[in-house]
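Asker: Attaching a predicted model along with its sequence, questions to come.
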Amino acid sequence: MRRLLFLLPLAVVLALVGALAWPILEGRDPRALPSVLLDKPVPAFDLPGLAADTGGLHSDELSGRPVLVNVFASWCAPCRQEIPLLVQLSAEGVPIYGIAYKDEPAATRKFLAQLGDPYRGVGVDRDGRIAIEFGVYGVPETYVIDGAGRIRHRHVGAVTEDVARRTLLPLLEELSK
Amino acid sequence: MTGRRVLRAAALAAVLFGALPAGAVQPDEMLRDPALEQRARELSAGVRCLVCQNQSIDDSNADLARDLRKLVRERLLAGDTDQQVLDYLTARYGPFVLLEPPKTRSTWLLWYGPFALLAVGAAGVAAAAALRARRRAEPEPLSAEERSRLEALLSDEAAGTNEDPR
């Protein structure tokens, strides 16, 4: 027993390495940050629309029923990737609202005309200040907002089929009960 | 000759040490009030750029870092204290936005863990040293066999018959 005591430091190091490696092996993204705004109300905003004759987006529109809010930009490649899926979700009846992050409205309009427009309403956040209120640090980000207008989930990066079917849709369903 | 060399070295030293790190702050971002600008620089040196994650917003050229630098300056112009500015940022991005994590219950292991480990290690070394010192001070008593061998050797020597077998 005493003889094996010299192995103790090795065992401690192995335990430490294991504990530190576990989240990575589990497939958790080490760069992903939890939102501090979870369970807090959506920040209040009133953003202008994409054109003079289209309405903008007001934070009040997001409460009443569970919705998705997608922060996107025409200059962002993963946003381009996720749009077809968002269009499909929207067609299935999921209410999705968009915040156009630091983008020319003309460029956003062209982007949506090309790829399809999944949004019930789009607000233009030219200087990115409202995105800062949400704690956005890279587009695209997608938020799940419950009926009381509180942020319940944040997904950073493009929404994939997997993320939508396994996380976003079940959460929306649970929230609409 | 040496005088000129000294002069040259002094000039080089002046240039090297006089050059301050400029950070990523653009001239058009700077505040007119130098005292306020100084505070903004110090604050942003402690705020993490969330895009690059291991740089401060003062060092980073990322777009979001520039926006946050502007925001810090706006808050200062609006009369916020340094703490209020940091609170504003943590309310949106969480404590991760601060390069130096706050000392809360969830971070005490991070702050004091290394010292605790050091203390445990020091205690271990001290215990081992004490054990070794005690062992050295009290040699093991001879076994019965050793004693009889010793006695035999000593009596041989006394009789003068202790010849080298070689």
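Answerer: Arrived safely. Residues are numbered from 1 along each chain as shown, chains lettered A, B, ... in the order given.

Asker: and chain A, which of its residues are near chain B?
Answerer: Taking Cβ under 8 Å from any Cβ of the partner chain as the criterion, chain A approaches chain B at residues A:31, A:33-37, A:102, A:127-129, A:132-135, A:137-138. In short, each C-beta sits where N, CA and C put it, glycine included.

Asker: measure the residue nearest to B:W111 when sequence neighbours are not counted to chain A for me?
Answerer: Take B:W111 and drop its neighbours on the chain: the residue closest to it by Cβ to Cβ, 6 or more residues apart in numbering or on different chains is B:K103, 5.6 Å away. Going from B:K103 to chain A by Cβ to the nearest Cβ, to the nearest Å gives 18 Å.

Asker: pLDDT score assigned to B:K103?
Answerer: pLDDT, B:K103: 83.

Asker: Check the model's average confidence along the helix or strand harbouring A:L68 for me.
Answerer: Using DSSP states H and E, A:L68 sits in strand A:67-72. Strand A:67-72 carries an average pLDDT of 96.

Asker: Next: stretch A:102-115.
Answerer: On average, stretch A:102-115 scores 95.

Asker: Could you give me the buried positions within it?
Answerer: Across stretch A:102-115, burial judged by 16 or more other Cβ atoms under 10 Å in any protein chain shown covers A:102-103, A:105, A:108-109, A:111-112, A:115.

Asker: Which of the residues you listed fall in helices?
Answerer: If you go by DSSP state H, these have A:105, A:108-109, A:111-112, A:115 in helices.

Asker: Pull the distance from stretch A:57-64 to the chain's centre.
Answerer: 17 Å (Cα atoms, centre = their mean, to the nearest Å).

Asker: wait, is A:A100 part of a strand?
Answerer: Yes - checked against DSSP: H, G, I helix; E, B strand; the rest coil, A:A100 lies within a strand.

Asker: ok, it - contacts?
Answerer: Neighbouring residues of A:A100 by Cβ atoms under 8 Å, 6 or more residues apart in numbering or on different chains: A:50, A:72-74, A:108, A:122-125.

Asker: which one is it nearest to, not counting chain neighbours?
Answerer: A:T108 (4.6 Å).

Asker: Got the phi and psi for the nearest residue to B:E37 once chain neighbours are set aside?
Answerer: Closest residue to B:E37 apart from its sequence neighbours, by Cβ to Cβ, 6+ apart: B:L31 at 4.3 Å. In terms of degrees, to the nearest 10, the main-chain angles of B:L31 are phi -80, psi 150.

Asker: How many neighbouring residues does B:L31 have?
Answerer: Residues contacting B:L31 under the criterion other Cβ atoms under 10 Å in any protein chain shown number 17.

Asker: And it, how close does it get to chain A?
Answerer: B:L31 sits 18 Å away from chain A when distances are taken as Cβ to the nearest Cβ.

Asker: That residue contacts B:L76, correct?
Answerer: Yes - applying Cβ atoms under 8 Å, one finds B:L31 in contact with B:L76, separated by 7.3 Å.

Asker: overlap in contacts of the two?
Answerer: Applying Cβ under 8 Å, 6+ apart, one finds that B:L31 and B:L76 are jointly contacted by B:A40.

Asker: Quick one: classify the residue most central in space within chain A as helix, strand or coil.
Answerer: What sits nearest the mean C-alpha location of chain A, by Cα atoms, centre = their mean, is A:T142, with 2.0 Å. Taken by three-state DSSP, the conformation at A:T142 corresponds to strand.

Asker: so it bridges to which residues?
Answerer: On the basis of DSSP bridges, A:T142 is bridged to A:N70, A:H155.

Asker: what residues are up against it?
Answerer: With contact set as Cβ under 8 Å, 6+ apart, A:T142 has these partners: A:68-71, A:154-155, A:159, A:168.
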